[in-house]
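Trainee: structure for the following, please:
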Amino acid sequence: MEELWIWYLFALNFHNIPKTLKNMGKLIGENTIILSLLNGIDSERIIGETYGMDKMIYSYINKISGVKEGNMINRGAKGIIHIGSINDCNDSKIQEVAKFFDYCDIQYEIEDDIMKSLWWKLMLNVGVNQLAAISGATYGVVAEFQEAKNMMGAAMMEVVKISQVEGTGLTDDDLYSCYSNFDNLPYGGKPSMLQDVENKRKTEVEMFAGRILELGEKTGVPTPVNEFLFNAIKLIEKRY
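Mentor: Residues are numbered from 1 along each chain as shown. Next up is the predicted model:
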């Protein structure tokens, strides 16, 4: 008899994880697969500590753009879901999710080194999301103006240096590859943190600059740019 998998998709803000974990406890079974699409490098660990790392698939979304206006979401780019295992990409759970994505015509890629890829996405978000939150820069502004790239690059370089100490493999070339990420995104597309600020919502700054500050202290890597961004965004939140 074919094995039956039941899987859950986490797609929410980082600070809502504790409440969600508490509410879903009775839904988790022996053959549950949990796929977390959250940004950052911690959601899989946090969820796995509650329900078991054996149920987790590491993942993130890239090249996606959507702007929420009222109760409508205007999608500018469809995006690609990246999935992988820290142990074995031939894991039956990975193959099961890939089969489901194929059936639903969902774009995805299976990553050989998912941890490096998660760090790459963290680096990208540390740059673009936080720059947008304090400056109002859209994807088009980031793609067009060198000043935006300079600000992004300074924040992202701190992530690269921490990654090299932590052994997750980011390089200067990975940093430069981030800039091409905006080529096919709409000029007026807005990163999620800019949308949070415009709508006076709690941001995910703790998951970005806040986490980099923690890792910088742990590894001995200076993080002055992310310290500035953290304080600037927290001040914006307080002014709501």
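Trainee: which residues touch the residue nearest the centre of the chain?
Mentor: When the chain is reduced to its mean C-alpha position, the nearest residue by Cα atoms, centre = their mean turns out to be Asn39, at 1.9 Å. Counting by Cβ atoms under 8 Å, 6 or more residues apart in numbering, Asn39 makes contact with 14, 60, 121-122, 125, 129, 204, 207-208. All C-beta spots, glycine's among them, are computed from the backbone N, C-alpha and C.
Trainee: and the residues you listed, which is the shakiest by pLDDT?
Mentor: In terms of pLDDT, Phe14 ranks lowest among those, with 76.
Trainee: sorry, back to before: which one of the contacts of Asn39 sits closest to Arg239?
Mentor: Glu204 (17.7 Å; Cβ to Cβ).
Trainee: for Thr32, see how far away Gly52 is.
Mentor: For Gly52, the distance to Thr32 (Cβ to Cβ, to the nearest Å) stands at 9 Å.
Trainee: more crowded one of the two?
Mentor: Thr32 (18 against 13; other Cβ atoms under 10 Å).
Trainee: who's the more buried one bridged to?
Mentor: Counting by DSSP bridges, Thr32 is bridged to Ile6.
Trainee: pLDDT below threshold where in this structure?
Mentor: For the chain, the stretches with pLDDT under 70 are 1-8, 10, 12, 65-70, 72-77, 88-90.
Trainee: and the helices in it?
Mentor: 17-23, 43-51, 92-104, 114-135, 139-144, 146-166, 172-177, 192-198, 211-219, 224-238 (DSSP state H).
Trainee: put the alpha carbons of the fifth one into PDB.
Mentor: Backbone C-alpha positions of helix 139-144 (Å, rounded to 0.1, in the frame of the first residue of the first chain) are rendered in PDB as follows:
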ATOM      1  CA  TYR A 139      12.700  46.800  -6.700                       C
ATOM      2  CA  GLY A 140      13.200  49.100  -9.600                       C
ATOM      3  CA  VAL A 141      15.100  51.600  -7.500                       C
ATOM      4  CA  VAL A 142      17.400  48.900  -6.200                       C
ATOM      5  CA  ALA A 143      18.000  47.700  -9.800                       C
ATOM      6  CA  GLU A 144      18.600  51.200 -11.200                       C
END
